[in-house]
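Enquirer: Sequence plus predicted model, see below.
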Amino acid sequence: MQIGPYQLKNRLIVAPMAGVTDRPFRMLCKRLGAGMAVSEMITANKALWTTAKTLRRADHEGEVEPIVVQIAGGDPQMLAEAARLNVEHGAQIIDINMGCPAKKVCNVAAGSALLRDLDNVGRILEAVVKAVDVPVTLKTRTGWSREAKTALQVARMAENAGIAALALHGRTREDMYRGDAEYDTIRAVKQAVSIPVVANGDIDSPEKARRVLDYTGADAIMIGRAAQGRPWIFREIQHYLDTGATLPAPEVEEIRHLLLGHLDELYRFYGEYSGCRIARKHIAWYTKGLAGSNEFRQQMYRLESTDEQRLAVADYFARLGEQSDRLVYLAEDADRMDHDREAGVEGEACGYAD
């Protein structure tokens, strides 16, 4: 897949997710097979550009190209200025967020709320594309509601404005993350425009990836929640697309190595206090559905230092390794974790940055 001058190594893209797709996570997913990863969303609100959170989200040191930064807001000129600033700081592709369904984003007329005002959508697309000399992409949803699907209109507007690629989540804003994503709209959009189209929504296995690519004709797929605690999903999907065969489950020792390495990067990136707390959700995702994981997580949540946390993770996976070389999931615990994740998904999976 080609985006401007950048030839991606494959058709697999990491979706932007607030609180998840920080630099350590993006780099890990790229190492495990993703062809591109989009940053957490950075606000176009100039008053927040110098906050520690925004500066950290704009940190791309050592990241594999292309460096993609997502921006969000509702004012065309503010978004244009944000695009210019991020290009100055190393962004090689700018992505505009018109898909986030979170209330705190939509309440300031940003994210998917923009789909209620297509005139402003056009102004934003034109302003951002003209503001920078790097490719600009767009991530959006099928519409504000099922009765007001605007994906085809927005896609044609994007193509006419010079947008380099379009990522489309197969849900409306009103759907949030409930129900199943639909791919008929993505298929229709792909048939209607000539720019690359990326399919997004509920792609959680190699087999599902193949079906979505075949059905929609999309140029690539975007993986979000399915990569949480499972960053190796990208190599699994690529292997299946290449060979038609499924890879065996990863060995416990490899997951132990990957997770401990991920924790070390989080600790370095965020420091002792924040690193320990941010790591908790990643540890929970990695251990979802594993034997004894619920009890382990409850104990892990109470740990207050990175040293204690890292040691607890190492010990837990050492015990798993004594039971089996490969990960064995328990359905009951997996269901519990799925419920926990869905309950808190609104602010996590949309790419919102305050």
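Expert: Now that the structure is in, tell me what you want to look at.
Enquirer: and after the one helix or strand Glu295 maps to, which helix or strand comes next?
Expert: When elements are assigned from DSSP states H and E, Glu295 belongs to helix 293-300. Next along the chain after helix 293-300, taking DSSP H and E as the criterion, comes helix 306-323.
Enquirer: which parts of the helix holding Glu295 are buried?
Expert: Buried residues in helix 293-300, counting neighbours by 16 or more other C-beta atoms under 10 Å, are found at Ser293, Asn294, Phe296, Arg297, Met300. The C-beta positions use only the backbone N, C-alpha and C, and glycine is treated the same way.
Enquirer: Can you verify my assumption that the last one contacts Tyr286?
Expert: No - using C-beta atoms under 8 Å, Met300 is not in contact with Tyr286, being 11.0 Å away.
Enquirer: all helices for the stretch 101-250 of the chain, in order.
Expert: 103-106, 118-131, 151-161, 184-192, 206-216, 233-243 (DSSP state H, counting those that start in this stretch).
Enquirer: Just tell me which of these ends up closest to Arg56.
Expert: Closest approach to Arg56 among the helices of the stretch 101-250 of the chain (C-beta to C-beta): helix 103-106, 19.3 Å.
Enquirer: show me where pLDDT drops low in the stretch 1-150 of the chain?
Expert: Counting by pLDDT under 70, the stretch 1-150 of the chain shows low-confidence ranges at 100-112.
Enquirer: ditto for the stretch 251-354 of the chain
Expert: Along the stretch 251-354 of the chain, segments meeting pLDDT under 70 span 325-327, 329-354.
Enquirer: change it to 80
Expert: Along the stretch 251-354 of the chain, the parts satisfying pLDDT under 80 run over 324-354.
Enquirer: returning to what we had before: now the helix holding Glu295, how far from the chain's geometric center?
Expert: The chain centre lies 26 Å from the centre of helix 293-300; the measure is C-alpha atoms, centre = their mean, to the nearest Å.
Enquirer: Kindly report the same for stretch 227-238.
Expert: That offset, for stretch 227-238, works out to 12 Å (C-alpha atoms, centre = their mean).
Enquirer: And for that stretch, what's in contact with it?
Expert: Contact with stretch 227-238 is made by 10, 12, 14-15, 17, 20, 25, 28-29, 32-34, 204-206, 209, 221, 223, 226, 246-247, 250, 258, 262, 282, 284-288, 341, as judged by C-beta atoms under 8 Å, 6 or more residues apart in numbering.
Enquirer: now do stretch 140-159
Expert: Applying C-beta under 8 Å, 6+ apart, the contact partners of stretch 140-159 are 98-99, 101, 112-113, 115-116, 118, 121-122, 125, 138, 166-175, 182, 185-186, 188-189, 192-195, 197.
Enquirer: Please export the C-alpha coordinates of that stretch as CSV.
Expert: Provided in CSV are the C-alpha atoms of stretch 140-159 (Å, rounded to 0.1, in the frame of the first residue of the first chain):
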residue,chain,number,x,y,z
THR,A,140,-13.9,8.5,10.0
ARG,A,141,-17.1,6.5,10.6
THR,A,142,-20.0,5.5,8.3
GLY,A,143,-22.0,8.5,9.6
TRP,A,144,-23.5,10.2,12.7
SER,A,145,-26.3,7.7,12.8
ARG,A,146,-27.7,4.8,10.9
GLU,A,147,-30.3,7.1,9.4
ALA,A,148,-27.7,9.6,8.4
LYS,A,149,-24.8,7.7,6.8
THR,A,150,-22.5,10.1,5.1
ALA,A,151,-19.5,8.0,4.4
LEU,A,152,-19.8,8.2,0.6
GLN,A,153,-20.2,11.9,0.6
VAL,A,154,-17.2,12.4,3.0
ALA,A,155,-15.1,10.0,0.9
ARG,A,156,-15.7,11.9,-2.3
MET,A,157,-15.0,15.2,-0.5
ALA,A,158,-11.7,13.7,0.9
GLU,A,159,-10.6,12.5,-2.6
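Enquirer: can you pull the buried residues of that stretch?
Expert: For stretch 140-159, burial by neighbour count (16+ other C-beta under 10 Å) applies to 140-144, 149-152, 154-155, 157-159.
Enquirer: now do stretch 8-21
Expert: The neighbour-count check on stretch 8-21 (16+ other C-beta under 10 Å) flags 8, 10-21 as buried.
Enquirer: quick one, strands of the stretch 51-200 of the chain?
Expert: For the stretch 51-200 of the chain, the strands defined by DSSP state E, counting those that start in this stretch cover 68-72, 93-98, 136-141, 143-145, 148-149, 165-169, 197-200.
Enquirer: and these as a markdown table, adding distance to Met78?
Expert: Output for these, formatted as a markdown table (distance: least, C-beta to C-beta, whole Å):
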| stretch | distance to Met78 |
| --- | --- |
| strand 68-72 | 9 |
| strand 93-98 | 12 |
| strand 136-141 | 15 |
| strand 143-145 | 22 |
| strand 148-149 | 26 |
| strand 165-169 | 22 |
| strand 197-200 | 25 |
